[in-house]
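Student: Need coordinates for the following:
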Amino acid sequence: MQEVIVIGGGVIGLTSAWWLLEAGYSVTLLERDAVGMAASYRNGGQLSYRYVSPLADAGVPLKAVQWLFQENGPLRFKPEADLRQWRWLARFIANCNSADNARTTAKLLQLGELSRRAMGELETVVPLDSFSWRDAGKMVVYRSKKAFDAAVAKPGSEAARQVLSAAECVAKEPALAAAEGLLAGGIFNEGEAVADCYAFCDVLAARLAAHPRYRGTVRAEVRRIVDSGGAIAGVDTSAGLLRADHYVLAAGIDSRDLAAAVGIYLPLYPLKGYSLTAPIRESDLAPQISVTDFERKVLYARIGDALRVAAMVDMVGADTTLDPKRVANLTRQVRETMPRAADYERISAWAGLRPATPDSAPIIGASKFSNLWLNVGQGPLGFTFACGSAKLLAGAVKGEAPPFDLAGLTLR
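Tutor: So this is what the prediction gives:
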């Protein structure tokens, strides 16, 4: 039986480990902290299988410049003396056109559908109610008529989406009542869900531990990946040198440095995002539907008995410290949009690093080494794409034909 070491204990690493076990491999998980404690911990919680919107698109560079001068803008940028930031930005700008956006969107929709089906396969081992999963549907609301009209004109699954006026948005989701006069309209998509990503990681880790082919979790710092010619010879860690037949790199933004040490450039940049979590009381008017405020780039999701709000893109390097001004601005926006949705006096804030590629497409599959495999770059849609990415990854290791053409989802 061949052995695999999966580097990374977030939602991508955990799902990779599960699908590799199911494919017949013996698996060891390598993680320096407890599972699910980095980007997976308090993310937006939305499982947006049908609403995938690559960040790079026509007109985005101009919008980005405008956002930089807005006090409450969704983007912050701090120039770094790091070539990787500028190289990523150059590739991002090159992807900011309608043709590339359309190609990437089409590929991400395929990955999203695969992920939706793959999540369904896990129901027997990871019960949906164990991680607060709800088939809530997703509503994207627009404040600008121009943006709304453009969204309506985009091709979409007419069977799954509903185009709504501002009044119809509020009728469908009463938590938006205070914002009705500011909305141009919205688009509702069925089949989208919300869930607690950290709880999912926790429950899946327990199922991994019970699997007969699971060799355990090693809590250790990865120092470097050791290469030997055309293959990887082991992983040097604080617990010693670990060896296997195959190695999977799924360590979020840390994958960038680990890969670089063996001569692989991964076009990843840590997009820092914030989230707020506030408890919901019986008297609160919390949203039942997952809501995205398009212009402000703010996501709202009810997860169990709490309201989760996620927002912002800070390009400030690998910095997870909370910026009090960013937290205060986001809290103010949330109070204005949904003033009665939760107990805002008991808000807790969090920030995490989303490992994004310039075109928003993850990198899944082979590397230049015969036994090193990649599952990285899911960015803000890590939870959404985790199960589909893991299924593709396990198939690639096993040498199976993929369910669709993976061009655009592999190491370029």
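Student: From now on I want contacts and neighbour counts done on CA atoms only, so please keep to that.
Tutor: Will do.
Student: Bridged to the nearest residue to D245 once chain neighbours are set aside, which residues?
Tutor: Spatially, and ignoring its direct neighbours in sequence, D245 is nearest to E3 (5.2 Å; Cα to Cα, 6 or more residues apart in numbering). Note on E3: beta-bridge partners by DSSP bridges are S26.
Student: Next, count neighbours for E3.
Tutor: A count of nearby residues for E3, using other Cα atoms under 10 Å, gives 20.
Student: Quick check: it touching H246?
Tutor: Yes - at 6.4 Å, E3 counts as touching H246 under the criterion of Cα atoms under 8 Å.
Student: Name the residues of the helix or strand of the chain with the lowest mean pLDDT that come out as buried.
Tutor: Ranking every helix and strand in the chain by mean pLDDT, DSSP states H and E puts helix 60-68 at the bottom, with a mean of 88. Using 16 or more other Cα atoms under 10 Å as the test for burial, helix 60-68 gives W67.
Student: Which strands or helices does it pack on?
Tutor: Where contact means 3 or more Cα pairs under 8 Å, 6 or more residues apart in numbering; DSSP states H and E, helix 60-68 is packed against strand 75-77.
Student: Can you give the contact residues for the strand it packs on?
Tutor: For strand 75-77, contacts defined as Cα atoms under 8 Å, 6 or more residues apart in numbering pick out 64, 67-68, 312-316.
Student: Kindly report the same for stretch 336-346.
Tutor: Residues outside stretch 336-346 that contact it (Cα under 8 Å, 6+ apart): 175-179, 278-281, 284-287, 306-307, 335.
Student: Now intersect the residues you listed with the helices, please.
Tutor: The members of the contacts of stretch 336-346 that map onto helices under DSSP state H are R335.
Student: Phi first, then psi, for the spatially most distant residue from the centre of the chain.
Tutor: Seen from the C-alpha centroid of the chain, the residue lying at the greatest distance (Cα atoms, centre = their mean) is G229, 33.7 Å away. Phi and psi for G229, reported as degrees, to the nearest 10, are phi 70, psi -120.
Student: Figure out the length between the terminal residues of stretch 90-99.
Tutor: Stretch 90-99 has an end-to-end distance of 17 Å (criterion: Cα to Cα, to the nearest Å).
Student: same question, stretch 353-367
Tutor: For stretch 353-367, the first-to-last residue distance is 24 Å (Cα to Cα).
Student: In terms of secondary structure, what does the lengthiest helix in the chain contact?
Tutor: Identified as the longest helix of the chain according to DSSP H is helix 98-121. In terms of contacts (3+ Cα pairs under 8 Å, 6+ apart), helix 98-121 is packed against helix 382-398.
Student: Run through the residues that contact the residue nearest to D245.
Tutor: Residues in contact with E3, defined by Cα under 8 Å, 6+ apart, are 25-28, 244-246.
Student: Quick check: it vs T237, distance?
Tutor: With Cα to Cα as the criterion, E3 and T237 are 17 Å apart.
Student: Ok, V298 next?
Tutor: 39 Å.
Student: do R412 as well
Tutor: For R412, the distance to T237 (Cα to Cα) stands at 28 Å.
Student: for P403, same thing?
Tutor: Distance, P403 to T237, using Cα to Cα: 35 Å.
Student: These two: which is more packed in?
Tutor: Between P403 and T237, counting by other Cα under 10 Å, T237 is the more crowded of the two (18 against 12).
Student: okay, now the nearest residue to that one once chain neighbours are set aside: neighbour count?
Tutor: Among residues not flanking T237 along the chain, V222 sits closest, at 4.4 Å (Cα to Cα, 6+ apart). Other residues near V222 come to 21 when the count uses other Cα under 10 Å.
Student: for V222, what are its contacts?
Tutor: Counted by Cα under 8 Å, 6+ apart, V222 has contacts 32, 235-238.
Student: Looking at these, spot the one nearest D202.
Tutor: D202 has its nearest neighbour among the contacts of V222 in R32, at 15.4 Å by Cα to Cα.
Student: Now the closest one. Nearest residue, chain neighbours left out?
Tutor: Leaving aside its chain neighbours, R32 sits nearest to A220 (4.4 Å; criterion: Cα to Cα, 6+ apart).
Student: For that neighbour, grab the count of nearby residues.
Tutor: When neighbours are counted by other Cα under 10 Å, A220 registers 15.
Student: Backbone dihedrals for it, please?
Tutor: When quoted as degrees, to the nearest 10, the phi and psi of A220 stand at phi -160, psi 160.
Student: Next, work out how far apart it and S53 are.
Tutor: Going from A220 to S53 by Cα to Cα gives 36 Å.
Student: got it, and W18?
Tutor: Note on W18: its distance to S53, by Cα to Cα, is 28 Å.
Student: higher neighbour count, the two?
Tutor: Counted by other Cα under 10 Å, W18 and S53 do not tie: W18 has more neighbours, with 23 against 16.
Student: Find the residue closest to that one in space, skipping its chain neighbours.
Tutor: Nearest non-adjacent residue to W18, counting by Cα to Cα, 6+ apart: L208, 6.5 Å away.
Student: swap in R117?
Tutor: G388 (7.9 Å).
Student: For G252, give me its contacts.
Tutor: With contact set as Cα under 8 Å, 6+ apart, G252 has these partners: 8, 10, 39, 354-355, 376-377.
Student: Please identify which of those is nearest to K398.
Tutor: For those, the closest approach to K398 (Cα to Cα) belongs to V376, at 18.4 Å.
Student: mind listing what that closest one touches?
Tutor: 12, 249-252, 255, 355, 362-364.
Student: now, which of those residues lie within helices?
Tutor: Using DSSP H, these in helices are 12, 255.
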